[in-house]
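Engineer: All I have is the shape, not the residue letters:
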Ligand code: CA
């Protein structure tokens, strides 16, 4: 089977950097979504892809699905080692979803919440399962898939490369049919577009590159809240297809990300925005008009400030989070930040769970910063999950 491939990665509309990366080196294709402060995310995703690329270079002929999983384990070690040895990279990690194409089959290997989908005979099927907290809660019947899709904690991963010495890698072998289209993508796409829309675009696009372009553009139109990467592979009979990678063989993510960012266009020059006393009114306003104008602006400012205060109050009153209250896990009403004028949160319920023990678990390490929840009930579910993860240990001995 021949592969026609397209790819696009984009910084999105809200992030400072593109920490997504991809690898397109037939027969190996992969996307990775890096995370970690400073430049850690970029390093983690690029390093993971470079590791599996090198392994593929040296490992041809081996049993491929096995070697792909092995090379992902090696990538895990390298990301973890580099994170441990460089203070600026500490805590970095990455997802990785990879596909290795053979004549009639494709091997997939996957860790994290990037995804692979198969479009075949008019239906779109998700091939990978997200390694996220919310997906785990869906499987346990604690959340519906719809609740999970909009859950504020949906990006908390239960598995990623660079977190622990051993990583469990999901694998899958797919028998290829002529005309199959496979989408590899990061969560910046799937959190912005629903499945029906993704399917429509994949079906309607003339070729894989057009599909990637359309997917990224729509994800940006929908808000572009995260980095977006889409790679589309189309499998065709030998006589029909030809490889059309849009990038050179050695291209791996970091360059791609940088390139796409550079290509996104130059910041528009700051428009000369004169104050209203400028061009429209060439004459100097009289002193009295200046006073009137100052009074008017003063009133406007007070109204705006009052509206902001009321708005913040209304917003805060609808927020919940789980955090630390003097060593115990507690449910807070409000948002976890300090304001100069008034408190933005208060403890609604204190539990007998030790926050120190919860923070020691990778999944709950951000507890001290506050873990946002949709509602009080949702916060209780998070507490239940923490209780379960602590497995009965971690009582503070009174709440
Ligand atoms: Ca992401």
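Structural biologist: Great, that's in hand. Since we're looking at a predicted model, the values are computed, not measured.
Engineer: Around the ion, pick out the residues from the stretch 101-250 of the chain.
Structural biologist: Neighbours of the ion within the stretch 101-250 of the chain, by CB under 5 Å from the ion: 187-188, 226. Any C-beta I mention is one placed from the backbone N, CA and C, and that applies to glycine too.
Engineer: I'd guessed residue 99 sits against residue 183; true?
Structural biologist: No. Residue 99 sits out of contact with residue 183 when judged by CB atoms under 8 Å, with a separation of 10.3 Å.
Engineer: Pull out the buried members of the residues of the stretch 101-250 of the chain next to the ion.
Structural biologist: Those of those that meet the buried threshold are 187-188, 226, by 16 or more other CB atoms under 10 Å.
Engineer: returning to that earlier point: shared neighbours, residue 99 and residue 183?
Structural biologist: Jointly contacting residue 99 and residue 183 under the rule CB atoms under 8 Å, 6 or more residues apart in numbering are 116, 233.
Engineer: of these two, who's got more company?
Structural biologist: residue 183 (27 against 24; other CB atoms under 10 Å).
Engineer: any chance of the buried ones among the residues of the stretch 101-250 of the chain next to the ion in CSV, with secondary structure too?
Structural biologist: Shown next, in CSV, are those (DSSP: H, G, I helix; E, B strand; the rest coil):
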residue, secondary structure
187, helix
188, helix
226, coil
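Engineer: wait, which of the residues you listed is closest to residue 209?
Structural biologist: When these are compared for distance to residue 209 (CB to CB), residue 188 wins out at 18.5 Å.
Engineer: residues contacting the spatially closest residue to that closest one that is not a sequence neighbour?
Structural biologist: What sits nearest to residue 188 in space, not counting adjacent residues and going by CB to CB, 6 or more residues apart in numbering, is residue 226, at 3.5 Å. With contacts defined as CB under 8 Å, 6+ apart, residue 226 is in contact with 12, 14-15, 186-188, 191-192.
Engineer: redo that, cut-off 7 Å
Structural biologist: Residue 226 sits next to 12, 15, 187-188, 191 when contact means CB atoms under 7 Å, 6 or more residues apart in numbering.
Engineer: now swap in residue 44 and tell me
Structural biologist: Taking CB under 7 Å, 6+ apart as the contact definition, residue 44 lies against 34, 36, 79, 92-94, 162.
Engineer: residue contacts, the closest residue in space to residue 130 that isn't next to it in sequence?
Structural biologist: Nearest residue to residue 130, sequence neighbours excluded (CB to CB, 6+ apart): residue 113, at 4.3 Å. Residue 113 is in contact with 95, 130-132, 157, 187, counting by CB under 7 Å, 6+ apart.
Engineer: top of those by neighbour count?
Structural biologist: Highest neighbour count within those, by other CB under 10 Å: residue 95, with 28 neighbours.
Engineer: Which helix or which strand is home to residue 152?
Structural biologist: Of the helices and strands defined by DSSP states H and E, none includes residue 152.
Engineer: no, scratch that, I was asking about residue 235
Structural biologist: Residue-wise, residue 235 maps onto strand 228-236 under DSSP H and E.
Engineer: picking that back up, closest to residue 123 out of the contacts of residue 113?
Structural biologist: Proximity of the contacts of residue 113 to residue 123 was ranked by CB to CB; the top entry is residue 130 with 19.8 Å.
Engineer: Got the confidence number for the closest one?
Structural biologist: Residue 130 carries a pLDDT value of 96.
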